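Q: I need the structure of the sequence given here:
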Amino acid sequence: MAVPKTKIELIQQSQENYKKLNELIDSFSIEEQVAEFPKGTMNRNIRDVIAHLHHWHVMFLYWYSVGMEGFKPDMPATGYSWRQTKELNKQIWSNYQNHQLGKIRIDLNESHLKLQEIIAKHTDQELFEKKRYKWTGSSSLSTYIRSNTSSHYNWAYKLIKKAKK
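A: The predicted structure follows:
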């Protein structure tokens, strides 16, 4: 997957990978969609994977909101450093164990659309210029967006595909 260099490419890649992920999920029966994966992954079913994506969207939306106000958001989350991502992901997993797949898919779609709105309102320069925003550090806004959309959707697609073989 080539790294997008324009707003149009960023939108296109995000939307294509999101569509591909949803088509994969929809290709399974309801029973298969809620079935457990083989042992060996923290995310034990499609719900867990979708909840993970949604929660990372929510965290990005927080970073963006705080960061664009000129403040430094707690990243990746309050009480966690980037080195503690594994522990954070375990906490995210735990938080969604009582949620239903259908509701999580609706939540993911809503958060996906919010990220698409953010992409749409920025220029290529605003999206791709490194160090433009203090909160993104030495990276560009598009790096954070891509990590939370197309790259993450691709990860989810591969994980589900492998688990369902």
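Q: name the element residue 62 belongs to?
A: Element membership for residue 62, per DSSP states H and E: helix 46-68.
Q: mind saving the C-alpha coords of that helix as PDB?
A: Below are the C-alpha coordinates for helix 46-68, written out as PDB (Å, rounded to 0.1, in the frame of the first residue of the first chain):
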ATOM      1  CA  ILE A  46     -14.700  -9.500  14.800                       C
ATOM      2  CA  ARG A  47     -16.300  -7.400  17.500                       C
ATOM      3  CA  ASP A  48     -13.000  -7.000  19.300                       C
ATOM      4  CA  VAL A  49     -11.300  -5.900  16.100                       C
ATOM      5  CA  ILE A  50     -14.000  -3.400  15.200                       C
ATOM      6  CA  ALA A  51     -14.100  -2.000  18.800                       C
ATOM      7  CA  HIS A  52     -10.300  -1.600  18.600                       C
ATOM      8  CA  LEU A  53     -10.600   0.500  15.400                       C
ATOM      9  CA  HIS A  54     -13.400   2.600  16.800                       C
ATOM     10  CA  HIS A  55     -11.600   3.300  20.000                       C
ATOM     11  CA  TRP A  56      -8.500   4.400  18.200                       C
ATOM     12  CA  HIS A  57     -10.700   6.700  16.100                       C
ATOM     13  CA  VAL A  58     -12.100   8.200  19.300                       C
ATOM     14  CA  MET A  59      -8.600   8.700  20.700                       C
ATOM     15  CA  PHE A  60      -7.600  10.400  17.400                       C
ATOM     16  CA  LEU A  61     -10.600  12.700  17.600                       C
ATOM     17  CA  TYR A  62      -9.600  13.700  21.100                       C
ATOM     18  CA  TRP A  63      -6.000  14.300  20.000                       C
ATOM     19  CA  TYR A  64      -7.200  16.400  17.100                       C
ATOM     20  CA  SER A  65      -9.600  18.500  19.100                       C
ATOM     21  CA  VAL A  66      -7.100  19.200  21.900                       C
ATOM     22  CA  GLY A  67      -4.200  19.700  19.500                       C
ATOM     23  CA  MET A  68      -6.000  22.000  17.100                       C
END
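Q: what comes up buried for it?
A: 46-60, 62-64, 67 (16 or more other CB atoms under 10 Å). The way it works is simple: take the backbone N, C-alpha and C, and place the C-beta from them, glycine included.
Q: okay, the angle between the host helix or strand of residue 145 and helix 46-68?
A: Secondary structure assignment for residue 145, by DSSP H and E: helix 141-148. Angle of helix 141-148 versus helix 46-68, following axes from the mean of the first three to the mean of the last three CA atoms, to 10 degrees, is 160 degrees.
Q: good, wrapping up.
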